[in-house]
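Q: here is my input; please provide its structure:
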Amino acid sequence: MKPTTRNDYSKRIARVTEAIFRDPAKARALEDWAALANFSPYHFHRIYRAMQGETLADTIRRARLIRAARALATSARSVTDIALDAGYENAQSFSRAFRGFVAVSPSAFRATHRAAADFTLPSPVVVTRKDEVMNVEINDLAPIHAHVLEHKGPVASIPETWAALWRWHMQAGLAGRALYPIGVCYGDPEADCGFRYFAGLVFPDGVTASGDVTTADIPSGRYASYRHIGPYGGIAAAFQQLYGEWLPTSGHEPDDRPSLEIYRNTPYDAPPEGLITDLLVPVK
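A: The predicted structure is shown next:
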């Protein structure tokens with residue numbers, strides 16, 4: 001186990017923010033940012049968002065608008081030219097974003113000759129839950145063979161994918177045969193790209209997939225496991241606490257495997273406050 005500290009994680013995330021503000025117009029893939037911070041691309045964005053309090057795209061947008069503000073205050077370049085340099089398709093979309101950033105239009109900002117530094121907002125402070133000490137265990141997980149349905153669409157519609165998987169297993173005559181449901185997550189649901197989610201059911205051997213349902217083999221390995229008890233609406237906050245509080249001080253590094261949600265019961269046999277979900281983050 002690598003002796004990792006929160007300070008080490010913070011320095012690695014700082015390399016990313018420094019690169020963004022040094023050249024906010026430079027386009028990089030999520031994998032490039034992850035490599036700069038020396039994190040797995042599957043988990044980098046969740047760590048970044050949990051520690052910075054904003055998404056990577058938010059930081060890039062803020063850095064570009066700060067540079068645009070400087071250009072407005074110190075040059076005679078046209079608003080359209082500055083908008084294009086900031087990554088916007090036209091002056092209209094830039095003006096809307098800029099007004100949301102400093103509460104005045106680009107032309108009004110230029111007319112006031114305000115120093116751009118007045119609007120260089122600090123990184124937001126992460127507000128984390130302090131009412132609960134996370135009881136996290138490190139477990140070795142055996143390989144899992146699951147029947148999965150890939151989610152397609154916005155994150156808010158993930159329950160519809162679960163409903164479709166449930167209908168499939170009922171229509172296939174598999175009711176009562178599943179050992180447990182499992183969610184398989186690649187990337188961060190708040191990221192602009194790279195996020196993939198699979199709703200899954202684990203069956204005994206001998207069950208055949210059909211239609212849009214396929215099979216997936218989840219590799220064995222070490223996982224940090226946290227048991228979330230309560231409504232499913234709290235899962236996202238629990239994951240954020242895992243990535244933003246527990247992981248940076250744990251001495252562990254995230255591994256290049258998906259994070260998992262293992263559902264130990266369902267709304268069919270437990271009330272919302274009694275739902276049990278094991279949240280697993282792969283570690284080296």
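Q: okay, helices next: where are they in the stretch 1-150 of the chain?
A: For the stretch 1-150 of the chain, applying DSSP state H, counting those that start in this stretch gives helices covering 6-22, 30-37, 44-52, 56-74, 79-85, 91-102, 106-112.
Q: which of the ones you listed is buried the deepest?
A: helix 44-52 (a mean of 25; mean count of other Cβ atoms under 10 Å). All C-beta atoms are positioned from the backbone trio N, CA, C, and that covers glycine.
Q: mind giving me the packing neighbours of the helix or strand bottoming out on mean pLDDT in the chain?
A: One helix or strand of the chain scores below all others by mean pLDDT, DSSP states H and E: helix 106-112, with a mean of 85. When contacts are defined as 3 or more Cβ pairs under 8 Å, 6 or more residues apart in numbering; DSSP states H and E, helix 106-112 sits against helix 56-74, helix 79-85, helix 91-102.
Q: just to revisit the earlier point, just send the helices of the stretch 1-150 of the chain back as TSV, with distance to Leu279 too.
A: Below are these laid out as TSV (distance: least, Cβ to Cβ, whole Å):
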stretch	distance to Leu279
helix 6-22	19
helix 30-37	21
helix 44-52	12
helix 56-74	22
helix 79-85	42
helix 91-102	34
helix 106-112	44
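Q: out of those, which gets nearest to Asp140?
A: Distance to Asp140, taken as Cβ to Cβ, is lowest for helix 44-52 among these, at 22.4 Å.
Q: now the angle from the closest one to helix 30-37?
A: 60 degrees (axes from the mean of the first three to the mean of the last three Cα atoms, to 10 degrees).
Q: which strands and helices sit next to helix 44-52?
A: Applying 3+ Cβ pairs under 8 Å, 6+ apart, one finds that helix 44-52 contacts helix 6-22, helix 30-37, helix 56-74, helix 235-241.
Q: turn those into CSV, including distance to Tyr226.
A: Listed next are the helices and strands packed on helix 44-52 as CSV, based on distance: least, Cβ to Cβ, whole Å:
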stretch, distance to Tyr226
helix 6-22, 18
helix 30-37, 23
helix 56-74, 24
helix 235-241, 7
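Q: mind putting these in CSV, mean pLDDT included?
A: Shown next, in CSV, are the helices and strands packed on helix 44-52 (pLDDT from 0 to 100):
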stretch, mean pLDDT
helix 6-22, 91
helix 30-37, 94
helix 56-74, 89
helix 235-241, 93
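Q: got the domain ranges for the protein?
A: 6-119, 136-282 (automatic domain parsing).
Q: how long is the last one end to end?
A: End-to-end distance of domain 136-282: 12 Å, with Cα to Cα, to the nearest Å as the criterion.
Q: chain center to that domain: distance?
A: Relative to its chain's centre, domain 136-282 lies at 15 Å (Cα atoms, centre = their mean, to the nearest Å).
Q: other residues contacting stretch 276-284?
A: Stretch 276-284 has contacts (Cβ atoms under 8 Å, 6 or more residues apart in numbering) with 1-2, 43, 138-139, 141, 221-229, 232, 235, 238-239, 242-243, 247, 250, 252-265, 270.
Q: could you pick out the buried ones from these?
A: 43, 141, 221-226, 228, 232, 235, 238-239, 242-243, 247, 250, 252-255, 257-263 (16 or more other Cβ atoms under 10 Å).
Q: in strands only, show me the residues you listed.
A: If you go by DSSP state E, these have 141, 221-226, 228, 259-263 in strands.
Q: among these, which one sits closest to Thr17?
A: Distances from Thr17 to those, taken by Cβ to Cβ, are shortest for Ser259, at 23.7 Å.
Q: contacts only, for the closest one.
A: Neighbour list for Ser259: Tyr42, His43, Arg46, Cys185, Phe239, Leu279, Leu280, Val281, Pro282 [criterion: Cβ under 8 Å, 6+ apart].
Q: still on that earlier bit, closest to Leu36 out of the ones in strands among the buried ones among the contacts of stretch 276-284?
A: Nearest to Leu36 among these is Ser259, at 21.5 Å by Cβ to Cβ.
Q: give me the beta-bridge partners of that closest one?
A: Beta bridges link Ser259 to Cys185, judged by DSSP bridges.
Q: model confidence score at it, please.
A: The model reports Ser259 with a pLDDT of 97.
Q: re earlier: okay, the contacts of Ser259 in JSON lines with distance to Ala68 next?
A: Shown next, in JSON lines, are the contacts of Ser259 (distance: Cβ to Cβ, whole Å):
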{"residue": "Tyr42", "distance to Ala68": "33"}
{"residue": "His43", "distance to Ala68": "32"}
{"residue": "Arg46", "distance to Ala68": "29"}
{"residue": "Cys185", "distance to Ala68": "35"}
{"residue": "Phe239", "distance to Ala68": "34"}
{"residue": "Leu279", "distance to Ala68": "40"}
{"residue": "Leu280", "distance to Ala68": "42"}
{"residue": "Val281", "distance to Ala68": "37"}
{"residue": "Pro282", "distance to Ala68": "40"}
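Q: nice, that's everything, thank you.
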